[in-house]
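Peer 1: have a look; sequence and predicted model below, questions after that.
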Number of protein chains: 2
Amino acid sequence: MFRSLDAQALSAILAAGTVRGLPAGRVIFAQGDDGLTCHSLLEGRVKIVQARPDGNQSVIRFIGPGEMYGTVAALMGKPFPADAVAVVDSVEVYWTVATMRQLMARYPEVAMGSAASAGARLFEMQDRVGEMAGEKVEQRIARTLMRLVQQAGRKTPDGIEIDFPITRQELAEMAGSTLHTVSRTLAAWDDRGITGSARRRIIVRKLDALVDLAEPA
Amino acid sequence: MFRSLDAQALSAILAAGTVRGLPAGRVIFAQGDDGLTCHSLLEGRVKIVQARPDGNQSVIRFIGPGEMYGTVAALMGKPFPADAVAVVDSVEVYWTVATMRQLMARYPEVAMGSAASAGARLFEMQDRVGEMAGEKVEQRIARTLMRLVQQAGRKTPDGIEIDFPITRQELAEMAGSTLHTVSRTLAAWDDRGITGSARRRIIVRKLDALVDLAEPA
DNA sequence: CGCGATATTGACAACGCTCAACTCACGTGG
DNA sequence: CCACGTGAGTTGAGCGTTGTCAATATCGCG
């Protein structure tokens, strides 16, 4: 989202905020907190998690380097609707809302960029609502994996690997299922050579097969 | 979203677009069409429906008077991600993207307003993803009804009525279920005096009971 | 008046969740 | 260096919720 800015503007923008390291597991902001800061990830991986009244939680999305988070809530003056947690050691910049508003006024690209990213996420969420509505669990897991591949896939000689550690539990919370079903499903896919999974690591070996699984009959 | 504009600006904005009537059932734009127009509803009710590959469809949301639709896709230069269909005879204004951009430049309130509404919808969709992930059907139907009450509730001596005709099929497509289950559920609620439903009409008699149903044990 | 759209209801099957027991990998501390 | 504990993953059995199939009832509109 900062791609269209020249180096000078970029460093000015960075200088206006605060850069800090985040150890794995660190809670960056919590659901219900007043949205007073805008964040952008420089390095690592952050998950956005929504706690539900019944005690379960659902992973809304993973944030990668270059992406913004917490920004929409902050700009709207609303409380954060979810937690943000670093899943690996990471580095982020954050700004106060006031600063972000000034930056947006001074560099319209920043405003444009975050509007575009909010729009893209809106579409993604609408798609997900549609998917969760009618599809079977296996298809939802397949789609979830496909999204992860797109957002965090790293090519290896063996296939495409999700480039951060993810548990079956988390995958289940994204797909709207349980870690048991995810475990069984992945085991079956591993047997068929579609994926290769180990402790907190997943490799997709046959992306086309995964696409087939996502599209029903 | 036009609330903060004075009368003069408002009529200029209206004059820049085209006003037209929409008979019930009319398709305003279709999923996959290039997003070349921005729309706002003046009167009536429009549903946004996403067709899924398996042939089923899911109702993303209902649009009421004063709300914009199709705008995010148009501004991003993307195809519309869903159909828009008038559910009752309605009246809308629409603008070309180019015109909308000029209006946004001239009246920043317009830009602000649509950003805010996009943000609100993003939150709503995130909530829905969370809900669909773990909740049981009855809870999802309850939440769906609550949303409809908020968006299109009209007070009557008997309770709060959804002010446009809605089928059980549509309710099912919003809640991610089947019309059969919705029918059974509504029948049970009717018996308990929580709702009163008739052909294409739903009245909520005990909103608090509905809220209880939405929150699991 | 008749047909299509909408809704109701029952029987049945199955998908996937819940509960439960167990294995395995890894890191930590004695 | 090994024992232990904890977090992650696997696997099995049983059952409930909910979708599928099917038949019928009702309402409205043309």
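Peer 2: Thanks, I have the structure now.

Peer 1: and stretch A:56-65, what's buried?
Peer 2: Of all the residues in stretch A:56-65, those buried under the rule 16 or more other CB atoms under 10 Å in any protein chain shown are A:56-63. Just so you know, the C-beta spots here come from the backbone N, C-alpha and C atoms, and that holds for glycine as well.

Peer 1: that should have said stretch A:193-207, apologies.
Peer 2: Neighbour counts over stretch A:193-207 (16+ other CB under 10 Å) mark A:194-197, A:202-207 as buried.

Peer 1: same thing with stretch A:21-28?
Peer 2: If you call a residue buried by 16+ other CB under 10 Å, then stretch A:21-28 has these buried ones: A:22, A:26, A:28.

Peer 1: and if you look at stretch A:95-106?
Peer 2: Applying a neighbour-count criterion of 16+ other CB under 10 Å, one finds A:95, A:97, A:99-100, A:103-104 buried in stretch A:95-106.

Peer 1: residue A:156: which of those is nearest?
Peer 2: The shortest separation between residue A:156 and any of the buried residues of stretch A:95-106 is 35.9 Å, and it belongs to residue A:95 (by CB to CB).

Peer 1: so what touches the one helix or strand residue A:190 maps to?
Peer 2: Residue A:190 is located in helix A:179-191, with elements delineated by DSSP states H and E. With CB atoms under 8 Å, 6 or more residues apart in numbering or on different chains as the contact definition, helix A:179-191 has outside contacts at A:137-138, A:141, A:167-169, A:171-172, A:175, A:195-197, A:202.

Peer 1: can you check stretch A:26-35 too?
Peer 2: When contacts are defined by CB under 8 Å, 6+ apart, stretch A:26-35 is touched by residues A:22, A:37, A:39, A:46, A:49-51, A:70, A:73-74, A:76-86, A:92, A:97.

Peer 1: rounded mean pLDDT for it, please.
Peer 2: Throughout stretch A:26-35, pLDDT has a mean value of 95.

Peer 1: same check on stretch A:167-185?
Peer 2: Stretch A:167-185 carries an average pLDDT of 96.

Peer 1: any part of that stretch near DNA strand C?
Peer 2: Yes. Judged by CB under 7 Å from any atom of the strand, stretch A:167-185 and DNA strand C are in contact via A:176-178, A:180-181.

Peer 1: reformat these as JSON lines; add neighbour count.
Peer 2: Output for the residues of stretch A:167-185 next to DNA strand C, formatted as JSON lines (neighbours: other CB atoms under 10 Å in any protein chain shown):
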{"residue": "A:176", "neighbour count": "23"}
{"residue": "A:177", "neighbour count": "20"}
{"residue": "A:178", "neighbour count": "16"}
{"residue": "A:180", "neighbour count": "11"}
{"residue": "A:181", "neighbour count": "15"}
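
Peer 1: and those residues, which two are the farthest apart?
Peer 2: Taking CB to CB as the measure, the residues of stretch A:167-185 next to DNA strand C span a maximum distance of 13.6 Å, between A:176 and A:180.

Peer 1: in chain A, which ranges drop under the pLDDT threshold?
Peer 2: For chain A, applying pLDDT under 70 flags the ranges A:1-3, A:217.

Peer 1: how is it partitioned into domains?
Peer 2: What automatic domain parsing lists as the domains of chain A is A:7-131, A:135-214.

Peer 1: wouldn't residue A:171 be in contact with residue A:144 here?
Peer 2: Yes. Between residue A:171 and residue A:144 there is a contact under CB atoms under 8 Å: 6.4 Å.

Peer 1: what about the residue nearest in space to the middle of chain A, distance to residue B:175?
Peer 2: By CA atoms, centre = their mean, chain A has its centre lying nearest to residue A:62, at 1.6 Å. Plainly put, residue A:62 is 27 Å away from residue B:175 if you go by CB to CB, to the nearest Å.

Peer 1: show me the contacts for residue A:22.
Peer 2: Neighbouring residues of residue A:22 by CB under 8 Å, 6+ apart: A:28, A:44, A:46, A:86, A:89-92.

Peer 1: residue numbers of chain A in contact with chain B?
Peer 2: For chain A, the contact set with chain B under CB under 8 Å from any CB of the partner chain comprises A:50, A:52-54, A:56, A:58, A:60, A:72-73, A:75-76, A:78, A:81-82, A:115-116, A:118-123, A:125-135, A:173, A:175-176, A:215-217.

Peer 1: who does residue A:63 form a beta bridge with?
Peer 2: Note on residue A:63: beta-bridge partners by DSSP bridges are residue A:46.

Peer 1: one more: residue A:204?
Peer 2: For residue A:204, the beta-bridge partners under DSSP bridges are residue A:160, residue A:195.

Peer 1: where is the longest helix in chain A?
Peer 2: Longest helix in chain A by number of residues (criterion: DSSP state H): helix A:108-134.

Peer 1: how much does it deviate in direction from helix B:108-134?
Peer 2: 30 degrees (axes from the mean of the first three to the mean of the last three CA atoms, to 10 degrees).

Peer 1: following helix A:108-134 in sequence, what is the next regular element?
Peer 2: According to DSSP H and E, the helix or strand after helix A:108-134 is helix A:137-152.

Peer 1: just how off-centre is that following helix within its chain?
Peer 2: Taking CA atoms, centre = their mean, to the nearest Å, the mean C-alpha location of helix A:137-152 is offset from the chain mean by 12 Å.

Peer 1: circling back: what comes up buried for the helix holding residue A:190?
Peer 2: Residues A:182, A:185-186, A:189-190 are the ones in helix A:179-191 that count as buried (16+ other CB under 10 Å).

Peer 1: that helix and DNA strand D, any residue contact?
Peer 2: Yes. Using CB under 7 Å from any atom of the strand, helix A:179-191 reaches DNA strand D at A:179-180, A:183-184, A:186-187, A:190.

Peer 1: what parts of chain A come near DNA strand C?
Peer 2: Chain A comes close to DNA strand C at residues A:136-138, A:176-178, A:180-181, A:199, as judged by CB under 7 Å from any atom of the strand.

Peer 1: out of those, who's nearest residue B:14?
Peer 2: Nearest to residue B:14 out of the residues of chain A next to DNA strand C is residue A:176 (CB to CB; 42.8 Å).

Peer 1: now do the contacts for that closest one.
Peer 2: Applying CB under 8 Å, 6+ apart, the residues near residue A:176 are A:58, A:132, A:137, A:140, B:132-134.

Peer 1: farthest pair in the residues you listed?
Peer 2: Using CB to CB, the two most remote members of the contacts of residue A:176 are A:58 and A:137, lying 14.5 Å apart.

Peer 1: got the residues of chain A near DNA strand D?
Peer 2: Residues of chain A lying near DNA strand D (CB under 7 Å from any atom of the strand): A:167-169, A:179-180, A:183-184, A:186-187, A:190, A:197, A:199-200.
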